[in-house]
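Asks: Make a model of this:
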Amino acid sequence: MNDLLQTQAMLTALLQTNTALSLALAAAWLDPALLADDEDEDDECAYTLAICRRCFPDVYASAVHHLRSGVSRSEVDRVFCEGIGRYLVVDVQDIQQFQYGVPWEALGIDLYDQEAFQEASPRLAVVAAWFGVTAEDSTIEQARRVAEALIKSLEPYGETGIHSDVASLLRWLFGLSGNTLVDFTDEELYESGIEPVPWECDDIAFINDVQQEAYMMVDAATRALTLLETNADWREYFQQNTKLTRRNPKHAARLDWPADAGSGDPDATHADA
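Replies: Numbers count the residues shown, from 1 in each chain. Sure, this is the predicted structure:
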């Protein structure tokens, strides 16, 4: 046995003779992030380990076990991503993502960049054209006011079913939902200066709720979009009501809509984030 190993054995024996030191040794072994600096984002592993210790105890225990077992760094990263991912609505693909706060996915529509909008969302572009939306900002603002009036005319039909889905389509297209992740794009959120969501239990639960609601709204909007593409009666009513409201917003209070034929699916969830 070389001198280094002898010294280690001697120190271990001395530590074990003192109860307090033995407890400290056990704590350091079982809870290595106890005294770690969770603000040090340069050390990705230590930073993520501190997040797990604070918010995901089972992932923390699993990661410590893998670290003690001497597995590769890529395997530990996988434990982090898969373990924490079980508690998030948006998947985590890389350990570096943890440094930017709780992940979210913005689903908003940017009508002001018409070229990109029409290329990325040709189905929505058809609906926007019914509102007279062009590259001019004034047409978008006018269309948004028409959409607000149409939403009010749909609200009396209830919070579930196809009328609610059509209202969700209008809210999504014109950024009127009140849900930040539905109303804004990633670029708009970045430019707004919104701070990253911190890794705290309450904040994680909050952003998960917001994200899940965002997916449900967009799912509802997509159902309505499909309805307008496949149901001639609904498409005719929608276009006619839009035209009447564009001419005179006061008409929105007297608009008729087709009966709900059971096309809505209020219990549907977003299957793939």
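
Asks: Now for the residue nearest to Glu195 when sequence neighbours are not counted: which residues touch it?
Replies: Closest residue to Glu195 apart from its sequence neighbours, by CB to CB, 6 or more residues apart in numbering: Gly101 at 7.8 Å. (Glycine included, C-beta is placed from N, CA and C.) Contact analysis of Gly101 by CB atoms under 8 Å, 6 or more residues apart in numbering lists 195-199.

Asks: phi, psi of Gly101?
Replies: Main-chain torsions, Gly101, degrees, to the nearest 10: phi 90, psi -180.

Asks: What's the first helix or strand after the helix or strand of the chain at the bottom of the mean pLDDT ranking?
Replies: Between all helices and strands in the chain, the lowest mean by mean pLDDT, DSSP states H and E belongs to helix 19-30, at a mean of 60. Going down the chain from helix 19-30, the next helix or strand is helix 44-55, by DSSP states H and E.

Asks: so what secondary structure elements neighbour whichever helix or strand comes after that next one?
Replies: Reading on from helix 44-55 to the C-terminus, the next helix or strand found by DSSP H and E is helix 57-69. Packed against helix 57-69 by the contact rule (3 or more CB pairs under 8 Å, 6 or more residues apart in numbering; DSSP states H and E) you find helix 44-55, helix 73-85.

Asks: Report the angle between helix 57-69 and helix 44-55.
Replies: Relative orientation of helix 57-69 versus helix 44-55 (axes from the mean of the first three to the mean of the last three CA atoms, to 10 degrees): 140 degrees.

Asks: Out of the helices and strands packed on helix 57-69, which gets nearest to Glu136?
Replies: helix 73-85 (43.1 Å; CB to CB).

Asks: Enumerate the positions of that closest one that are buried.
Replies: For helix 73-85, the neighbour count (16 or more other CB atoms under 10 Å) marks 76-77, 79-81, 83-85 as buried.

Asks: now the residues you listed as JSON lines including pLDDT and distance to Val127?
Replies: Shown next, in JSON lines, are the buried residues of helix 73-85 (pLDDT from 0 to 100; distance: CB to CB, whole Å):
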{"residue": "Val76", "pLDDT": "89", "distance to Val127": "47"}
{"residue": "Asp77", "pLDDT": "92", "distance to Val127": "43"}
{"residue": "Val79", "pLDDT": "92", "distance to Val127": "44"}
{"residue": "Phe80", "pLDDT": "93", "distance to Val127": "42"}
{"residue": "Cys81", "pLDDT": "94", "distance to Val127": "37"}
{"residue": "Gly83", "pLDDT": "95", "distance to Val127": "41"}
{"residue": "Ile84", "pLDDT": "95", "distance to Val127": "38"}
{"residue": "Gly85", "pLDDT": "94", "distance to Val127": "34"}
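
Asks: Arg54: which of the residues you listed is nearest?
Replies: Closest to Arg54, out of all of these and judged by CB to CB, is Ile84, at 11.5 Å.

Asks: close enough to count as contact, the closest one and Val92?
Replies: Yes: contact criterion CB atoms under 8 Å: Ile84 and Val92 qualify, at 6.0 Å.

Asks: which residues are common contacts for those two?
Replies: Counting by CB under 8 Å, 6+ apart, the residues touching both Ile84 and Val92 are Phe98.

Asks: mind showing which ranges of the stretch 151-273 of the chain have poor pLDDT?
Replies: Counting by pLDDT under 70, the stretch 151-273 of the chain has low-confidence residues at 261-273.

Asks: can you pull out the helices in it?
Replies: 162-174, 180-183, 186-192, 201-230, 232-247 (DSSP state H, counting those that start in this stretch).

Asks: Point out the most buried one among those helices.
Replies: helix 162-174 (a mean of 25; mean count of other CB atoms under 10 Å).

Asks: tell me what that helix is packed against?
Replies: Using 3+ CB pairs under 8 Å, 6+ apart: helix 162-174 touches helix 122-130, helix 137-154, helix 201-230, helix 232-247.

Asks: With distance to Asp113 as extra columns, can I get those helices in TSV?
Replies: Output for these, formatted as TSV (distance: least, CB to CB, whole Å):
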stretch	distance to Asp113
helix 122-130	12
helix 137-154	11
helix 201-230	19
helix 232-247	23
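
Asks: so which of those comes closest to Tyr47?
Replies: helix 201-230 (15.8 Å).

Asks: Packing partners of the closest one?
Replies: Packed against helix 201-230 by the contact rule (3+ CB pairs under 8 Å, 6+ apart) you find helix 44-55, helix 122-130, helix 162-174, helix 180-183, helix 232-247.
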